[in-house]
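Student: got a predicted structure here, sequence first:
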Amino acid sequence: DSPPAPAATLSTPAAVKFGRFVGPSPALLFTTGDDATARLWDLRAPAKDGNGAACVREAGVGAAVKSGTWSEANPGLVTVVAADATIQVWDVERMEAVKRFNGPPKVASAALSPDRARVVCGGEDLVVSVFDCATEKVVEAHRGHHGPIWATSYAPDGVSYASGSDDGTIRIWQTAPVPNARTNGV
């Protein structure tokens, strides 16, 4: 028996580094990758050539995308890390970056906190950094991994966050309090 054929095949000119179904309908897919373009696909609409689904919106990211994260606490927002070391928070509905700032030089992963006040990131510098979204400054920096940090994520309640590394460890960090978090964030 051969495996079943995919329901749809979508094509981009370069490698895809992040993809996530978004919105209340399972028909919308947000993707981005090496060609520095964010795309919103509608699986209900056929592509112009009849193969796959239609790309209904595109927007430039500014540089190739290394990774992306989606937070259930912040539906409609995607955090991406670009090759130019920018960390960007994208509003999928508006298809635009609503926050963009410089991360560490070799940042590889970033995640937005549930209260939208901070972003945790990690990369090849072996440091887990937490940025304040309002000031774009590092407010926490943790060392402990012995290899590049490829994954970061906040807990749904925002009380802690995790970092995963090439060294085979996952570290859980306690979140420091943020005064007036909702008024200063994304």
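Tutor: Nice, I can see it. Residues are numbered from 1 along each chain as shown.

Student: which strand of the chain spans the most residues?
Tutor: Longest strand of the chain, by residue count under DSSP state E: strand 37-46.

Student: for it, name the packing helices and strands.
Tutor: Judged by 3 or more Cβ pairs under 8 Å, 6 or more residues apart in numbering; DSSP states H and E, the packing partners of strand 37-46 are strand 28-33, strand 53-60. (C-beta placed from N, C-alpha, C; glycine too.)

Student: thought K17 was touching K66?
Tutor: Yes - at 6.2 Å, K17 counts as touching K66 under the criterion of Cβ atoms under 8 Å.

Student: okay, the two: which has more neighbours?
Tutor: Neighbour comparison, K17 and K66: the larger count goes to K66, with 23 against 18 (by other Cβ atoms under 10 Å).

Student: touching, the more buried one and A15? I think so.
Tutor: No - using Cβ under 8 Å, K66 is not in contact with A15, being 10.6 Å away.

Student: quick one: low-confidence ranges for the protein?
Tutor: 178-185 (pLDDT under 70).

Student: need the helices for it, in chain order.
Tutor: Listed in chain order, the helices of the chain (DSSP state H) span residues 181-184.

Student: count of residues packed around R94?
Tutor: Residues near R94, counting by other Cβ under 10 Å, number 11.

Student: ok, now which ones touch L10?
Tutor: With contact taken as Cβ atoms under 8 Å, 6 or more residues apart in numbering, L10 is in contact with 29, 31, 41, 47, 52-53, 55.

Student: next one: E93
Tutor: E93 makes contact with 23, 76 under the criterion Cβ under 8 Å, 6+ apart.

Student: figure out which of the helices and strands packed on strand 37-46 is closest to V107.
Tutor: Of all those, strand 28-33 sits nearest to V107, with 15.6 Å by Cβ to Cβ.

Student: so what touches that closest one?
Tutor: Contacts of strand 28-33 (Cβ under 8 Å, 6+ apart): 10, 12, 14-22, 38-43, 53, 61, 64-65, 68, 78, 80, 90, 92.

Student: out of these, which are buried?
Tutor: 10, 16-19, 22, 38-41, 43, 53, 61, 64-65, 68, 78, 80, 90, 92 (16 or more other Cβ atoms under 10 Å).

Student: just name the most buried of the helices and strands packed on strand 37-46.
Tutor: Highest mean neighbour count among those (mean count of other Cβ atoms under 10 Å): strand 28-33, with a mean of 22.

Student: C133 contacts V120, doesn't it?
Tutor: No - look at C133 against V120 with Cβ under 8 Å: they stay out of range, at 11.2 Å.
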